[in-house]
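A.B. asks: I would like to see how this sequence folds:
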Amino acid sequence: MKVNASAGRTVKQQLLRSATRLGPGKPFLAKDFLDIGSRASVDMALGSLAKEGAIRRIRRGLYDIPRVSETLGGELSPDVDAAAHALARRYRWKIVPDGPWAANLLGLSTQVPAKITYLSDGPSRSVPIGRRTIQFKHARPQALAGHGGKAALVVQALRHIGQRAVGDQKLLAMLKSRLSAAEVRQFVKAAHLGVDWIYEVAKLIAKDQVG
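C.D. replies: Purely as a prediction, here's the structure:
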């Protein structure tokens, strides 16, 4: 019994250290820590830490270390984007932030959309996260094919902004500043088989980075 209790404490301590490194407000799942211990021991550690108040249970199987605001006098909602990707890992979905939300995540828009929407290869569903609700919208495979990372954000954000982006030098400069050389190459590749004017934006950004 002593061995099991000791092992349980070790898993719990390691899990809390790993969760702390993620940062406050960044949701995580039990499956994110299966390198630490068995599923049963990780579940037990999560339950114990939640009861102690060291972590917060957002919804079944989803936790975080809450961000606390002294100004607002309490805990803040979890990071919505991190929560969406945690849920995608759980259900093995491919997801892409939809237009207005993609533009906000990239810093191209300061407006937070009323609906936080992700295109998904999974079923359409709404998931409450803190004081917000994430809408997962089933999309055709073509809408998700070849997209990932920043390239996906840029494509979706541009679809929302529209064709005026081609001649918007300020917008092009903002996009350039937010993409590494590798991400620009990924964007060009993702845009190549898509809408012509988005591919034109990709080529302009790639040209600027080269010369």
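
A.B. asks: Just the pLDDT at Tyr118, thanks.
C.D. replies: Looking at Tyr118, its pLDDT reads 96.

A.B. asks: Oops, could you answer that again for Asn4 instead?
C.D. replies: pLDDT, Asn4: 50.

A.B. asks: now do the one 4 residues further on
C.D. replies: The confidence metric pLDDT takes the value 50 at Gly8.

A.B. asks: What residues sit buried inside the lowest-mean-pLDDT helix or strand in the chain?
C.D. replies: Lowest by mean pLDDT, DSSP states H and E among the helices and strands of the chain is helix 141-144, with a mean of 73. Applying a neighbour-count criterion of 16 or more other CB atoms under 10 Å, one finds Ala143, Leu144 buried in helix 141-144. C-beta coordinates here come from the backbone N, C-alpha and C atoms, glycine included.

A.B. asks: Point out the other helices and strands that that helix packs with.
C.D. replies: Here helix 141-144 touches strand 116-120, going by 3 or more CB pairs under 8 Å, 6 or more residues apart in numbering; DSSP states H and E.

A.B. asks: that older thread, show the subsequent helix or strand relative to the least confident helix or strand of the chain.
C.D. replies: Downstream of helix 141-144, the first helix or strand assigned by DSSP states H and E is helix 149-161.

A.B. asks: Which other helices and strands does that next one contact?
C.D. replies: Using 3+ CB pairs under 8 Å, 6+ apart: helix 149-161 touches strand 95-97, helix 99-105, helix 169-178, helix 181-192, helix 196-210.

A.B. asks: For that helix, what does the pLDDT average out to?
C.D. replies: Averaged across helix 149-161, pLDDT comes to 88.

A.B. asks: For that helix, C-alpha coordinates in PDB please.
C.D. replies: What follows is helix 149-161 as a C-alpha-only set of coordinates in PDB (Å, rounded to 0.1, in the frame of the first residue of the first chain):
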ATOM      1  CA  GLY A 149      -1.200  26.100 -38.100                       C
ATOM      2  CA  LYS A 150      -0.900  29.700 -39.100                       C
ATOM      3  CA  ALA A 151      -1.700  28.900 -42.800                       C
ATOM      4  CA  ALA A 152      -5.200  27.800 -41.800                       C
ATOM      5  CA  LEU A 153      -5.700  31.000 -39.700                       C
ATOM      6  CA  VAL A 154      -4.600  33.200 -42.600                       C
ATOM      7  CA  VAL A 155      -6.700  31.600 -45.200                       C
ATOM      8  CA  GLN A 156      -9.800  31.800 -43.000                       C
ATOM      9  CA  ALA A 157      -9.100  35.300 -41.900                       C
ATOM     10  CA  LEU A 158      -8.700  36.400 -45.500                       C
ATOM     11  CA  ARG A 159     -12.000  34.800 -46.600                       C
ATOM     12  CA  HIS A 160     -13.600  36.900 -43.900                       C
ATOM     13  CA  ILE A 161     -11.800  40.200 -44.800                       C
END
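
A.B. asks: Just name the most buried of the helices and strands packed on helix 149-161.
C.D. replies: strand 95-97 (a mean of 24; mean count of other CB atoms under 10 Å).
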